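Q: structure for the following, please:
(2 chains)
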Amino acid sequence: MVAAAFVASVQAADGVPDITVMPIARDGQVVVSFEMSDAFTPDVRDAIQSGLPTTFSYDLELRRAGLLARTVASVAISATVRFDNLTRRYQMARSVDGRLEDARPTEDLAAVRAWMTRFERIPLSETASLETNGEYFVRVRARTRPHNTWFFWPWSGTTLGQAKFTFIQ
Amino acid sequence: MSPATVTSITPRRATGSTPAPGPPRRPFRDNPRLILAGIAALLVVLAALLVIASGTSRFSPDFLSEFVLYGLSAADLTMLVALVFVLLRNIVKLLVERRKALPFARFRSKLVALLLAMTLVPTVLVLIVGSELIRTNIDRWFNAPMADILTSANQIAGDYYHEQQMVASDHANRLARTLANADLTSSDVRLVRDRLAPDVTLQRVQMVGVYRVVPSSGSLPSLEPVVDVAAPSLPPGHSRAAVDRLAAQALAGSAETRSIETLGPSGDLLHAAAIIRRDQKPVGVVVATAYLTGEMAARARRMTKAFEDYNQLRVLKRPLTGLYLSFFLMVTLLILFGAIWMGSYLAKRITQPALALSAAAREIGAGRLDQRVEPQSNDEFGSLVEAFNAMASELAASRRKVDRGTIQLERKHLEVEGRRRYIETILERITAGVVSVDASGAITTINGAGSRLLGLDRSIVGQAALQAFDRADLQPLGALIAGVGRGPAQPTAHEIAMVRDGQELHLAAVATALVGDSGAPEGVVLVLDDVTPLIRAQKVAAWREVARRLAHEIKNPLTPIQLSAERLRRHFAGAPPQARALVDECSQTIIGEVESLKGLVDEFSQFARMPSPRTVPTDLGRLIADTLALYHGIFTDVRIEHRVAPGVPMVRLDGEQIRRVIINLVDNAIEAMERRGEIVVETQLDAANTVVRVVVADDGPGIPPAEREKLFLPYYSTKRRGSGLGLAIVRRIIAEHGGSIEVGGNTPRGTRFTIELPC
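A: Below you'll find the predicted structure:
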């Protein structure tokens, strides 16, 4: 039997985007479910409704806890939506590590929100590469496009979330 | 223009292995080509910015807000950091230069500050005003009427599309119900076509397609097209793929039962699918298609695009504003950067030649006349540098001439100085006194002999000769100097006698006029020669001649007189007693006086015929001790002390003559003390003057100063008896030994004779 314990380390504050990360090690894989809350701001909705392609990019990293954290595995996920004001339909797409994984239309904004912010059981790594009783954490860094700031700042629009777990076999 | 540099023209020795150094590399800011290249690059960047700014309308807002804004922000940030760095560097540099009080530091800081202010103030003002204009104009883009119009237009287009889709969907649903009882599996599709035809012919829809469900081996059933009915007005080029996909999607239970197929300029096809059910079981799918003409579709697309563009601009208002502000900021920063650089460059360019000239002037002022300033431009600074270099060359040439003259002058000075020292040494060493008087009558020099002979201190130098020679015994000298030039041209010697320290001194004085090359009188040189010994020798020689003649003239008749007296006494031996007594007494007196005269004549003869001394190295102390030993036990009340200084060397002398000198002086002392008192005979060594001094001092009554010099004259005696030749003989013996004898007073009383003999 394989089990894992996790602790969500980041608590959300009102109005500030936050990422809840839930790593699970089961059946020989480390999978991660995460959700970014409060990211669907009026600015984002306006951007989507204006027809701008809007992308939420997520960088997932599985790292060995320690003074010098070592990256065990990483995955880049992006969710994109574009609204057609003529047909009033949203065209959504998801890609993992640059590969298009899924694309579908919808007319439901709630579905768009879930599409962009909620991810379930994203495979991150094989458990074989983990050490028994080792402390690990999964860090999720999210970026949104387009930026809506006066001045470009490389770290603006970035949200971080992470969760620790001990791999027990 | 480029700054000048200071170089030394001192030639360097070329070494065998080291290659000759090339021309100094100019720094970047001093290289005109690089400067032009930099200005060109700046202009290119500005032109590129202008092109990009003018073309922003062609780029998507997303691209502008992401990539262009990113690039501009990074460039702005970099330039801002560079600008601050350059500004701080220049400010710190100027402050350091001012603190070090470097030349032109204040001028440069003022110049840079002025140029900065001239650029910074208007640029910042333009930046502020321009930024506000940009923001205001961008705000004006998004005014309410425009938003309402575009929203309404988009609403109309969307509603039209939606309505057409709903129409197609309604027809699809109605046809699906109509075809529920139709046999879709039959190969005869005329019945189905007949049911579809009215909708197409009546232009309710432009195309209808029917599919039947074919059971498959997989979990999902597949569709098979049954029949298509299309209106002739439908443009060619549409494909079945979109219809097939929508049918399959509808059969799969997807909520998305509508789709839009774009035919490009021909228009759009709005598909709607509905499932044909029989007994609630899907047996087929019908897809109804409405057609929007190309013009209509394009118009709707344009309306939507305008709405989307407007909204995208509105959504990206902040980054777009930032973008334009970044453009503006970048141009401003480029201008500022260029202005600061140009200000610094101009300040340096203006002050550098002056600095180089100043540094070179300091070097030249310090004596390094080989400093030159390398002219690097042909403008006024270049002319100034060339003039400076010419001046430095002339200075160097003059300096070389002066150096050569100085060397010659120093050589002559050394020569003159050598001569002066030589003459001075001679003047100091000669026994003759020399006194020089300038044209104004002031004494300019007096040598040691002159000072000693005249008894004057050397402090008289500078005084008027008449004033210095105002003393009674020196007045003849004053008169002699005053009379120079009035008498015969050839100078003549004048003998001047004076008394110094109670002793008579005879000086032969010759005054010679000094005449310059122009014939003008330049002064008088007075040469004084001490002729006292010569006078004394002349006197002694005269007295010796007198003595010799006296001895010859007197001694010859003495013997006949004595013989005659003895003959008279013998003749009157037989005479009566009274007569005989008278004769005896008279003859005895005659004979006694004759004997006395004989003794006197003998002394004269001895004085006249005294032989030259035969000197041999003699121990003077022992000689004196042996001589003084003769007096032991003779004079009980006279104490004779003999003091001998250590280190007295052997002296070449005639022992007998010196013994006679000592005996004479001691006898005189004993007689003067009336055979009661103390006599000290002391021998001293004066190594500096290479003389041995013999002092004979008594504590008798002493001799008055006026009579001391006469003591050495022949036939002068203070004794009741004696010929007066003793001290004359003593002086002669000492003189013939090359020495001298002086008489003076003893302390506290008595007489002191000092003899100096060369050793």
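Q: what does chain A have sitting close to chain B?
A: A:43, A:46-47, A:49-53, A:84-88, A:105-106, A:145-153 (Cβ under 8 Å from any Cβ of the partner chain). Glycine gets a C-beta too; all of them are placed from N, C-alpha and C.
Q: roughly how far is the helix or strand where B:Leu477 lies from the heart of the chain?
A: Using DSSP states H and E, B:Leu477 sits within helix B:475-482. In terms of Cα atoms, centre = their mean, to the nearest Å, the centre of helix B:475-482 is set 60 Å apart from its chain centre.
Q: so what touches the very next helix or strand once past it?
A: Proceeding N to C from helix B:475-482, the next assigned helix or strand is strand B:493-500, under DSSP H and E. For strand B:493-500, the surrounding residues in contact (Cβ atoms under 8 Å, 6 or more residues apart in numbering or on different chains) are B:455, B:473-474, B:476-477, B:480, B:504-510, B:529, B:531.
Q: at 6 Å instead, please
A: B:455, B:473, B:476, B:480, B:505-510 (Cβ atoms under 6 Å, 6 or more residues apart in numbering or on different chains).
Q: then stretch B:439-455?
A: Against stretch B:439-455 from outside (Cβ under 6 Å, 6+ apart): B:427-428, B:431-438, B:458, B:460-465, B:468, B:500, B:521-523, B:528, B:530.
Q: which members of those residues are positioned in strands?
A: Among the contacts of stretch B:439-455, DSSP state E puts B:433-438, B:500, B:521-523, B:528, B:530 in strands.
Q: tell me the least confident of those residues?
A: Lowest pLDDT of these: B:Arg500, 72.
Q: any idea what that residue is bridged to?
A: Beta-bridge pairing for B:Arg500 (DSSP bridges): B:Gln503.
Q: same check on B:His271?
A: Going by DSSP bridges, B:His271 forms beta bridges with B:Ser259, B:Thr289.
Q: what about the one helix or strand B:Ser169 maps to and chain A, any contact?
A: Using DSSP H and E, the element containing B:Ser169 is helix B:144-178. Yes: under the criterion of Cβ under 6 Å from any Cβ of the partner chain, chain A is reached by helix B:144-178 at B:154, B:157-158, B:161.
Q: wait, which of the residues you listed is closest to B:Tyr345?
A: B:Asn154 (56.8 Å; Cβ to Cβ).
Q: touching, the closest one and A:Asp84? I think so.
A: No: checked against Cβ atoms under 6 Å, the pair B:Asn154 and A:Asp84 is beyond contact range at 10.9 Å.
Q: between those two, point out the one with more neighbours.
A: Just comparing B:Asn154 and A:Asp84: by other Cβ atoms under 10 Å in any protein chain shown the higher neighbour count belongs to B:Asn154, 23 against 16.
Q: list the buried ones in the strand ranked longest in chain A?
A: Assignment by DSSP E gives strand A:70-84 as the longest strand of chain A. Neighbour counts over strand A:70-84 (16 or more other Cβ atoms under 10 Å in any protein chain shown) mark A:72-73, A:75, A:77-84 as buried.
Q: go on, stretch A:19-35?
A: Under 16+ other Cβ under 10 Å, the buried positions of stretch A:19-35 are A:19-25, A:30-32, A:34-35.
Q: and those residues, which of them are in strands?
A: Using DSSP E, the buried residues of stretch A:19-35 in strands are A:19-25, A:30-32, A:34-35.
Q: CSV for those residues, including pLDDT?
A: CSV is the format used below for those (pLDDT from 0 to 100):
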residue, pLDDT
A:Ile19, 92
A:Thr20, 93
A:Val21, 94
A:Met22, 94
A:Pro23, 93
A:Ile24, 91
A:Ala25, 88
A:Val30, 93
A:Val31, 94
A:Val32, 94
A:Phe34, 95
A:Glu35, 95
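Q: tell me the one of those residues nearest chain B?
A: Chain B lies nearest to A:Ile19 out of those, by Cβ to the nearest Cβ, at 22.5 Å.
Q: give me phi/psi at the nearest residue to the closest one once chain neighbours are set aside?
A: Using Cβ to Cβ, 6 or more residues apart in numbering or on different chains and skipping the chain neighbours, the partner closest in space to A:Ile19 is A:Gly161 (2.7 Å). Phi and psi for A:Gly161, reported as degrees, to the nearest 10, are phi -150, psi 150.
Q: returning to what we had before: so which of the contacts of strand B:493-500 are in helices?
A: B:476, B:480 (DSSP state H).
Q: between the contacts of strand B:493-500, which is nearest chain A?
A: The closest of the contacts of strand B:493-500, once distances to chain A are taken by Cβ to the nearest Cβ, is B:Gly455, at 109.1 Å.
Q: and the residue lying farthest from the centre of chain B, how far from chain A?
A: Most distant from the centre of chain B: B:Pro576, at 125.9 Å, with distances by Cα atoms, centre = their mean. According to Cβ to the nearest Cβ, to the nearest Å, B:Pro576 and chain A sit 173 Å apart.
Q: if we can go back for a sec, pLDDT and distance to B:Thr589 for the buried residues of strand A:70-84 - can I get that in JSON lines?
A: Output for the buried residues of strand A:70-84, formatted as JSON lines (pLDDT from 0 to 100; distance: Cβ to Cβ, whole Å):
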{"residue": "A:Val72", "pLDDT": "92", "distance to B:Thr589": "168"}
{"residue": "A:Ala73", "pLDDT": "93", "distance to B:Thr589": "172"}
{"residue": "A:Val75", "pLDDT": "95", "distance to B:Thr589": "175"}
{"residue": "A:Ile77", "pLDDT": "96", "distance to B:Thr589": "177"}
{"residue": "A:Ser78", "pLDDT": "96", "distance to B:Thr589": "177"}
{"residue": "A:Ala79", "pLDDT": "96", "distance to B:Thr589": "181"}
{"residue": "A:Thr80", "pLDDT": "96", "distance to B:Thr589": "181"}
{"residue": "A:Val81", "pLDDT": "96", "distance to B:Thr589": "184"}
{"residue": "A:Arg82", "pLDDT": "94", "distance to B:Thr589": "185"}
{"residue": "A:Phe83", "pLDDT": "94", "distance to B:Thr589": "187"}
{"residue": "A:Asp84", "pLDDT": "92", "distance to B:Thr589": "191"}
